[in-house]
Structure formats: C-alpha cells, structure tokens
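# model this:
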Amino acid sequence: MGTGSYLPVETVDNFDLYELGTLKSSFDVDKGRASLKDIEEVEDLSDSEVFDLWARQVTGIEMRRRLTPESGLTTEDMCAAACLSALEASGFGATDMDLLIAASLTVSDEVPNAACTIANKIGAPQLGGYVLNAACAGYVYAIGAAWSAILSGMAQRVLVVAGDTLTRFVDYDETQTAVLFGDGAGACVLERTEGEIGLMGPPAVGGEFDRTPLFLRGQKWEEEGGPSPVIHMEGGPRILRNAVVGMADVAQQALARAALAWTDVDVVIPHQANLRITRGLEKQLELSKGRVIHNIQRYGNMSAATVAITLDEYVRGLHGPVAVPSTIVLTAIGGGYTKGALVVRI
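As a prediction, this is how the structure comes out:
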C-alpha cells in the first residue's frame, strides 16, 4: 500500500573511506595497483586513487551512506523515519497498523525489542511487533511473515521495516570487508485487498549453513580480551557464484508459486552485495539490461535494507518509468546462508 526509505546524510566515497580508521595502513597499495586493469599510467596514480579504482573494479561501489556516531542516531531511528515515509505514501497512520515486523542485525537494544522502540518513535507505543534476523534476506522474510499474519487473520495491516547500521561493525584492518558496507532503512505497508495487485503468491525461502562467507559474532559473546564484534566477509569466485545461483534459484521458486514466468516480469530487484553478483544474475536469468536494477554503486551493501530501499526508489520512479501494473521479483541472499524471494505486482 506504500513504501518508504531513509538514508543517512553523510556520503562516504572511496576517497573518504580510505581515510577512516586503519584502512590506509591496511590496504596493500602495490597489490592494488598491480590488479588494476585497462588503466593508463597506473604508476602515476596516488595511493587514494589506486584504492578508489580498486574498490570500483572489485565491488562496483563508488560511495555509501554512513550513520555517524556524532549524529546520535540509531538503527531504530532510521527505521522509524522509513516507516513514517511508507505510512505517508500509504495514506494510513501509525495507529492504523496491527503489527510491526522489523528485520535487522544491528539493533541498538535487545530489550526493548527494536519493533517496540520503532513503534514508540512513530507515535504508536501500543503497537505489537517483533524483530527477525535473516541477514541480507531479512526484508523478504519480514514481508513473508507479514503476509502470513494477514492471511491467518492475526492482522489486517502490517508495517514492515528493514534497517541496518553496518558501518558501526566494520573492521578497518580487513580491506575487502570494510569497502562493502553502508547504512540505511526501508519500509512498506501491507494490507489485505482483493484484485490482481500485491503479493502474487507465497514467498520462497531457503538456507544453507555456512559461517565462512559472512559472520558477525554475537555482540555479547566476544572473547575476553579480544576485539569488539565486527563483520567478517570473505570474497572470491565461489562466494560470488553461490550468490548468483542462490538468488536465481529462489526467484524461480517464487515465480512458480505465483504461477508466473520470467516473461511476465517487468523488473528484478536483487540484494546488492557486489556489482559483479547483480550483473551475473542478469546474465544467469538471461534478462535484458534495465530489467535488473543495480544501485550498489551509490549505497554499498546495506544488508536487509538494500532491497527495501531499492523497491521504494523504483516505486517512486527513480529507476525510470514504472509500468502499470508492474510485476516485480524481489530476491536476496544473506550470510548464513539465508535466501528468499517473492513476486509483487503494483
């Protein structure tokens, strides 16, 4: 019924990022320079220029948004702003909602749970809700949970939000991880309706236990005398391939559940973890350019918020003309692994 999003004010490009924490001393400039392809006079580049070009080549990322500690804001604040934007778009108020489901892995408090905190911030402290963590697939999982609540009769209208402040957990000693992440939040309002719009079938979800590609040690389980919790993400061809195949596979399952084919789809909104992954998905699905949306260049990987924010941008026409009706596939894969997809028509 409506979508919304929030992005922090501070924009951090690759040159800004190079100056943060210990990244400058951690980045192997000579190795980065040697890896650059099709660059003329590469020896004349400054260290920061090498880092910028290396980041673009390896990840596709040019900049990201960062919620600074100085702002005094939290993940819950970003989520509340995204919720208010979605509510405004839907024409409903916070007190019209029956349930709030939040997807996040970087909440500021475990208790009160972030859904209660967000509800209070948007002016509905009596609103029930809960938090789930499916990493980067969290928004799809949360919509699935909302869909189930509505079909079961538990709720008539559900507010879904996904948000993460991943830059708070970046290890600047680990260059390949530090370059990836940004902050943001996105939301939507779901309501039971009749007709050929909305979710076109049950969302599809799946998983595969694998700790290696991405893990964040529990925030109260750090080893005595060891470092604070940080995100660790491993790269490499196997990880990239698994992400492409995983998102394609679960998207195909969601389409089958909706009794639709790829020829019925106007656009695909995938999780944005690496531009090579979303380009690979485009090739894997044999979809023409323009049907798969790419925006990692401007935002980096915002975990579960990525698909939510991209959907809001698409609905608002920021990725070109929107077909009416428009059939959209949302597909995501996250650390752990988790994966999920759904088909929605607006």
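# look up the residues forming beta bridges with the nearest residue to Glu196 once chain neighbours are set aside.
Of all residues not flanking Glu196 in the chain, Arg345 sits nearest, at 6.4 Å (CB to CB, 6 or more residues apart in numbering). Yep, even glycine has a C-beta here, placed from its N, CA and C like the rest. Beta bridges link Arg345 to Gly198, Thr327 when assigned by DSSP bridges.
# next one: Gly340
Going by DSSP bridges, Gly340 forms beta bridges with Val205, Ala332.
# now it: how far from Asn242?
15 Å (CB to CB, to the nearest Å).
# among those two, which residue is more densely surrounded?
Remark: of Gly340 and Asn242, Gly340 carries more neighbours, 31 against 18, as counted by other CB atoms under 10 Å.
# the more buried one and Pro202 touch, don't they?
No. Gly340 lies out of contact with Pro202 (CB atoms under 8 Å); the separation is 11.0 Å.
# which neighbours do the two share?
Residues touching both Gly340 and Pro202 (CB atoms under 8 Å, 6 or more residues apart in numbering): Gly144.
# C-alpha coordinates for stretch 35-52, PDB please?
What follows is the C-alpha trace of stretch 35-52 in PDB, where atoms were taken according to Å, rounded to 0.1, in the frame of the first residue of the first chain:
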ATOM      1  CA  SER A  35      45.400  -5.600 -10.000                       C
ATOM      2  CA  LEU A  36      44.100  -2.700 -11.900                       C
ATOM      3  CA  LYS A  37      43.100  -3.400 -15.500                       C
ATOM      4  CA  ASP A  38      42.900  -1.200 -18.500                       C
ATOM      5  CA  ILE A  39      44.200   1.800 -16.600                       C
ATOM      6  CA  GLU A  40      46.800   4.000 -18.400                       C
ATOM      7  CA  GLU A  41      49.700   5.500 -16.500                       C
ATOM      8  CA  VAL A  42      48.800   3.400 -13.400                       C
ATOM      9  CA  GLU A  43      52.200   4.200 -11.800                       C
ATOM     10  CA  ASP A  44      51.300   7.900 -11.700                       C
ATOM     11  CA  LEU A  45      48.200   7.300  -9.500                       C
ATOM     12  CA  SER A  46      48.200   8.400  -5.900                       C
ATOM     13  CA  ASP A  47      47.500   5.800  -3.200                       C
ATOM     14  CA  SER A  48      44.000   7.000  -2.700                       C
ATOM     15  CA  GLU A  49      43.300   6.900  -6.400                       C
ATOM     16  CA  VAL A  50      44.500   3.300  -6.500                       C
ATOM     17  CA  PHE A  51      42.200   2.400  -3.700                       C
ATOM     18  CA  ASP A  52      39.200   4.100  -5.400                       C
END
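# ok now that stretch, how far from the chain's centre?
Taking CA atoms, centre = their mean, to the nearest Å, one finds stretch 35-52 lying 30 Å from the centre of the chain it belongs to.
# do the same with stretch 231-247
15 Å.
# try stretch 180-194
10 Å.
# could you tell me the end-to-end distance of it?
Across its full length, stretch 180-194 reaches 41 Å between end residues, using CA to CA, to the nearest Å.
# go on, stretch 168-184?
End-to-end distance for stretch 168-184, by CA to CA: 12 Å.
# now do the nearest residue to Ser90 once chain neighbours are set aside: how many residues are near it, please.
Spatially, and ignoring its direct neighbours in sequence, Ser90 is nearest to Gly2 (2.9 Å; CB to CB, 6+ apart). For Gly2, the number of neighbouring residues by other CB under 10 Å comes to 19.
# now for the chain: which helix has the highest residue count?
Longest helix in the chain by number of residues, with DSSP state H as the criterion: helix 237-257.
# and Tyr130, that's in a strand?
Yes. Read with DSSP: H, G, I helix; E, B strand; the rest coil, Tyr130 is one of the residues of a strand.
# what secondary structure does the closest residue to it other than its chain neighbours sit in?
Of all residues not flanking Tyr130 in the chain, Ala115 sits nearest, at 5.4 Å (CB to CB, 6+ apart). When classified by three-state DSSP, Ala115 comes out as helix.
# kindly report the same for Ile118.
With three-state DSSP as the criterion, Ile118 reads helix.
# pLDDT score for it?
Here the pLDDT value assigned to Ile118 is 98.
# tell me the spacing between it and Leu105.
15 Å.
# is Val12 in contact with Glu62, as I believe?
No. The pair Val12 / Glu62 is not scored as a contact, 10.3 Å apart, by CB under 8 Å.
# who's more crowded, those two?
Neighbour count, other CB under 10 Å: between Val12 and Glu62, Val12 has more, with 20 against 16.
# name the element that one belongs to?
For Val12, the host element (DSSP states H and E) is strand 10-13.
# list the buried ones in that strand?
By 16 or more other CB atoms under 10 Å, the buried positions in strand 10-13 come out as Val12.
# packing partners for it?
strand 63-66 (3 or more CB pairs under 8 Å, 6 or more residues apart in numbering; DSSP states H and E).
# counting contacts, what elements does the strand it packs on pack onto?
strand 10-13, strand 183-191, helix 296-299.
# excluding covalently adjacent residues, which one is nearest to Met78?
Ala185 (3.9 Å).
# in contact with the one you found: list those residues for me.
By CB under 8 Å, 6+ apart, the contact list for Ala185 reads 5-6, 75, 78-79, 81-82, 161-164, 305, 308-309.
# run through the bridge partners of it.
Applying DSSP bridges, one finds that Ala185 bridges with Tyr6, Gly163.
# mind listing what Leu45 touches?
Arg33, Ile39, Leu53.
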